[in-house]
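> compute the structure for the input listed below.
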Amino acid sequence: MLPTPLRAKPDALFWWMLGGALLAAGLLVRAALYFPLAAFPIDSDGVLAGLCAFRIEGGHYPAFFPGGTRLSAASCYVAAAFFGAIGPGRTGLALTGLTWGALYLAFTLAFLRAVLGRRAACAAFVFAAFPAAAFVTVTYVPWGYGEIVASCAATLWLAALWRGDGRPWQRLGFGIGVGFGIWISLQTLVVAVPAVVWIALARRRTIVRESGLALAGALAGATPFWIGNAGRGFPSFTQNWASRPASSFAQVWANLAWVVTAPLPQLLFYQLAGWWSLSTAIVVGYVLTGAGFIAAVSRNARGRDAPVGARAAGLLVLLVAAAAIGFYAASQAGSVRGWTVRYIAPLYVVIPLLCGIGVSALWQRSRWLAVAAVAAIVVPNLTLYSLPGTAARAVLAARLHADDRLGALLARDRVRMVYGDYFDVYDLNFDTHESVAGVPAIPALDYLDYAGALPASGVRWALLGRDAGRIRAWAGALGVRGTTTAVGDRTLFVAGSPAGGTARLLTALRRASP
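All right, here's what the predicted structure looks like:
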């Protein structure tokens, strides 16, 4: 029989290779979300990074994403780099999203290994490689959230290293990561603050002496944030609804009730439909892994090669969950109703850790039960992705094909402006490379002021929307004749003659809106 050290090396190599294989599988799934190309589920928001990249190519260097100072312009610069290499278009946008997805997966695997060790990290990483369906939707569209979760994963990895060793490069790296995350979005603080508390509790005696280097790194890492805010009254705090507190304690309680009954279930379970559905299987899977997690934490289980015990790891999960839900409820972000899963998306970064601990505990009791718990969560989620061959992907592909046809019609009729609801028209600015101005009916949503860039003398124009009756009524209220064409799920009305003046036309369009 081989000596223990020699037997241990092949064992370690196996777990490293398995982790690498899972990473590759996760990357393939992410790539399949982008290629073959299709429209994004939330397309007008999904192309904003590309529109911002056009501005960068024109010599403008923004610090923040279009629409305010809540999200960084990091994706804009990544997209601009891809456009410079392969030309502007949706391929570059897809590669931008894939870049952040790859970083999220890599940092998450490193974090899980730093906390759970090589063995349990593989079980946990399954839930990162094939995550909840809502989390996939939030993070694969290049609209600012992919970089948030990638930043959070990097922060947690560096936090685990600092907590264990406290070497200078780890403390400096953690600080830089936190500072850079602040520029990415203040939302990253829902992970960064719990990480600091987690480190401080473990290194009580040395934390004050060690923090100087981390603080210096944080100040340096947030340089783009300081530059973007300096001289402007720090709008990231004063003009950012997501960073302002809720209006009252009553609103905080209302926000808390909302987050635990809508966004949180949507994030983890997607949506429940009846007594039995795919989501019901996911619920059962989480119940099983949750039970395993509680059992592991209660006895402070630790894997064979785990650097951190279950209680310490569980504490991190609870700290992040409390911060994500608490910050959301206490801010004006929590007062927004609708599909607000994206505002608590960083919470999911620690869900693989929770599930990994739970599945490892189940494995000790019953391997079949552990496998069933993993399958109950992962398999239904995979079927909910917009992967090639699914009905959801077919809809997105048809939408992109219709957009191409729409662009051809607009070019044929020499249309310079298309007016309508934001989600119907703003993506035209990207797909036509700004040769057509997609102007939203709500002026505040014209983030890059395409209406202001139109010639004052007037342009050939059109209306676009999903309700054909509304489009006809709109044109009728204006007393304008033209042609009406169905393009995919939208209706295009092209006015018969150019407008007399752009300002008067926009005023008339807004007044006549049905």
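> tell me which element Gly67 falls in.
In the assignment (DSSP states H and E), Gly67 maps to no helix and no strand.
> that one against Leu448, yeah?
No: if you go by C-beta atoms under 8 Å, Gly67 and Leu448 don't touch, sitting 9.1 Å apart. The way it works is simple: take the backbone N, C-alpha and C, and place the C-beta from them, glycine included.
> residue contacts, the closest residue to Gly19 other than its chain neighbours?
Leaving out its chain neighbours, the residue that sits closest to Gly19 by C-beta to C-beta, 6 or more residues apart in numbering is Cys122, at 5.4 Å. Listed by C-beta atoms under 8 Å, 6 or more residues apart in numbering, the contact partners of Cys122 are Trp15, Leu18, Gly19, Leu22.
> buried set for the helix ranked longest in the chain?
Ranked by residue count and defined by DSSP state H, the top helix of the chain is helix 90-129. By neighbour count on 16 or more other C-beta atoms under 10 Å, the buried set for helix 90-129 is 90, 92-129.
> please apply the same query to stretch 24-36.
Buried residues in stretch 24-36 (16+ other C-beta under 10 Å): Gly26, Leu27, Val29, Arg30, Leu33, Tyr34.
> return the residues in contact with the nearest residue to the fourth one once chain neighbours are set aside.
Computed as C-beta to C-beta, 6+ apart, the closest residue to Arg30 that is not its neighbour in sequence is Gly101, at 4.2 Å. When the contact criterion is C-beta under 8 Å, 6+ apart, the partners of Gly101 are Leu27, Arg30, Thr139, Tyr140, Gly146, Ala150.
> so where do the helices sit in the stretch 251-400 of the chain?
Secondary structure of the stretch 251-400 of the chain (DSSP state H, counting those that start in this stretch): helices at 263-269, 278-298, 310-330, 351-365, 367-384, 391-412.
> which of the ones you listed is buried the deepest?
Per-stretch averages of neighbours, counted by mean count of other C-beta atoms under 10 Å, single out helix 351-365 among the helices of the stretch 251-400 of the chain, with a mean of 24.
> and the angle for that helix with helix 367-384?
Angle, helix 351-365 to helix 367-384, by axes from the mean of the first three to the mean of the last three C-alpha atoms, to 10 degrees: 150 degrees.
> would you say Gly166 is within a strand?
No: when classified by DSSP: H, G, I helix; E, B strand; the rest coil, Gly166 is found to be coil rather than part of a strand.
> that one and Ala214, how far apart?
Per C-beta to C-beta, to the nearest Å, Gly166 is found 10 Å from Ala214.
> same question for Ala106.
Taking C-beta to C-beta as the measure, Ala106 and Ala214 are separated by 22 Å.
> rewinding a little: and which of the contacts of Gly101 is nearest Val336?
Thr139 (19.0 Å; C-beta to C-beta).
> so the host helix or strand of that closest one versus helix 351-365, what angle?
For Thr139, the element it lies in under DSSP H and E is helix 133-140. For helix 133-140 against helix 351-365, the angle by the same axes, to 10 degrees is 140 degrees.
> quick one, helix 133-140 and helix 391-412 angle?
Using the same axes, to 10 degrees: helix 133-140 against helix 391-412 is 30 degrees.
> rounded mean pLDDT for helix 133-140, please.
The average pLDDT within helix 133-140 is 96.
> just checking, what packs against that helix?
helix 4-34, helix 90-129, helix 146-164, helix 263-269, helix 367-384 (3 or more C-beta pairs under 8 Å, 6 or more residues apart in numbering; DSSP states H and E).
> and that helix, C-alpha only, in CSV?
Backbone C-alpha positions of helix 133-140 (Å, rounded to 0.1, in the frame of the first residue of the first chain) are rendered in CSV as follows:
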residue,chain,number,x,y,z
ALA,A,133,-33.0,30.8,-13.1
ALA,A,134,-33.8,34.3,-11.9
PHE,A,135,-30.2,34.9,-10.9
VAL,A,136,-29.1,33.8,-14.4
THR,A,137,-31.5,36.3,-16.0
VAL,A,138,-30.3,39.1,-13.8
THR,A,139,-26.6,38.5,-14.3
TYR,A,140,-26.2,37.4,-18.0
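> how distant is that helix from the center of its chain?
Centroid separation for helix 133-140 versus its chain: 6 Å, with C-alpha atoms, centre = their mean, to the nearest Å.
> near Thr485, how many other residues are there?
Applying other C-beta atoms under 10 Å, we find 15 residues neighbouring Thr485.
> contact partners of stretch 478-493?
Contacts made with stretch 478-493 from outside it, assessed by C-beta under 8 Å, 6+ apart, are listed as 398-399, 401-403, 405-406, 409, 418, 424, 462-468, 471-472, 474-475, 494-496, 508-509, 512.
> low-confidence bits of the stretch 251-400 of the chain, can you list those?
Applying pLDDT under 70 to the stretch 251-400 of the chain flags the ranges 271-276.
> residues contacting the residue lying closest to Leu396 once chain neighbours are set aside?
Distances taken as C-beta to C-beta, 6+ apart put Ala38 closest to Leu396, at 3.8 Å, once the chain neighbours are dropped. Applying C-beta under 8 Å, 6+ apart, we find Ala38 in contact with Ser386, Arg393, Leu396, Ala397, Arg399, Leu400.
> dihedrals phi and psi, Ala38?
The phi and psi values for Ala38, taken as degrees, to the nearest 10, are phi -150, psi 170.
> and the one 5 residues further on, by the same measure?
Backbone dihedrals for Asp43, given as degrees, to the nearest 10, come out at phi -70, psi -40.
> my guess is it meets Val395, correct?
No: if you go by C-beta under 8 Å, Asp43 and Val395 don't touch, sitting 11.6 Å apart.
> circling back: got CSV for the contacts of Ala38, with distance to Ala375 too?
Shown next, in CSV, are those (distance: C-beta to C-beta, whole Å):
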residue, distance to Ala375
Ser386, 21
Arg393, 23
Leu396, 27
Ala397, 29
Arg399, 32
Leu400, 33
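> tell me which of the contacts of Cys122 has the lowest pLDDT.
Trp15 (84).
> ok, the closest residue to it other than its chain neighbours to Leu22 distance?
In space, and not counting its chain neighbours, Trp15 is closest to Arg118: 3.8 Å by C-beta to C-beta, 6+ apart. Going from Arg118 to Leu22 by C-beta to C-beta gives 12 Å.
> pLDDT at the closest residue to Pro455 other than its chain neighbours, what is it?
Residue nearest to Pro455 in three dimensions, not counting chain neighbours: Thr502, with 6.6 Å by C-beta to C-beta, 6+ apart. Thr502 carries a pLDDT value of 88.
> dig out what Val439 forms beta bridges with.
Beta-bridge pairing of Val439, defined through DSSP bridges, involves Tyr419.
> contact partners for it?
Val439 neighbours (C-beta under 8 Å, 6+ apart): Met417, Val418, Tyr419, Val425, Asp446, Tyr450, Ala451, Leu454, Leu506.
> avg pLDDT for the longest helix of the chain?
Across helix 90-129, pLDDT averages out at 97.
> offset the numbering so it begins at 231, please.
Okay, residue one is now 231; in that scheme the one you just asked about reads as helix 320-359.
> that one vs helix 597-614, what angle?
Relative orientation of helix 320-359 and helix 597-614, computed by the same axes, to 10 degrees: 160 degrees.
> and the angle for helix 320-359 with helix 376-394?
For helix 320-359 against helix 376-394, the angle by the same axes, to 10 degrees is 40 degrees.
> Leu518 is in contact with Ala603, correct?
Yes: Ala603 lies in contact with Leu518 (C-beta under 8 Å); the separation is 3.9 Å.
> identify the contacts common to these two.
The contact sets of Ala603 and Leu518 overlap at Gly588, Leu592 (C-beta under 8 Å, 6+ apart).
> can you tell me what sits against the host helix or strand of Thr737?
If you go by DSSP H and E, Thr737 is part of helix 732-742. The contact list for helix 732-742 (C-beta under 8 Å, 6+ apart) reads 647, 649, 669, 671, 681, 684-689, 691, 693, 704, 707-708, 729.
> can I get the contacts of Gly331 in a markdown table including distance to Tyr307?
Listed next are these as a markdown table, based on distance: C-beta to C-beta, whole Å:
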| residue | distance to Tyr307 |
| --- | --- |
| Leu257 | 22 |
| Arg260 | 20 |
| Thr369 | 18 |
| Tyr370 | 19 |
| Gly376 | 14 |
| Ala380 | 14 |
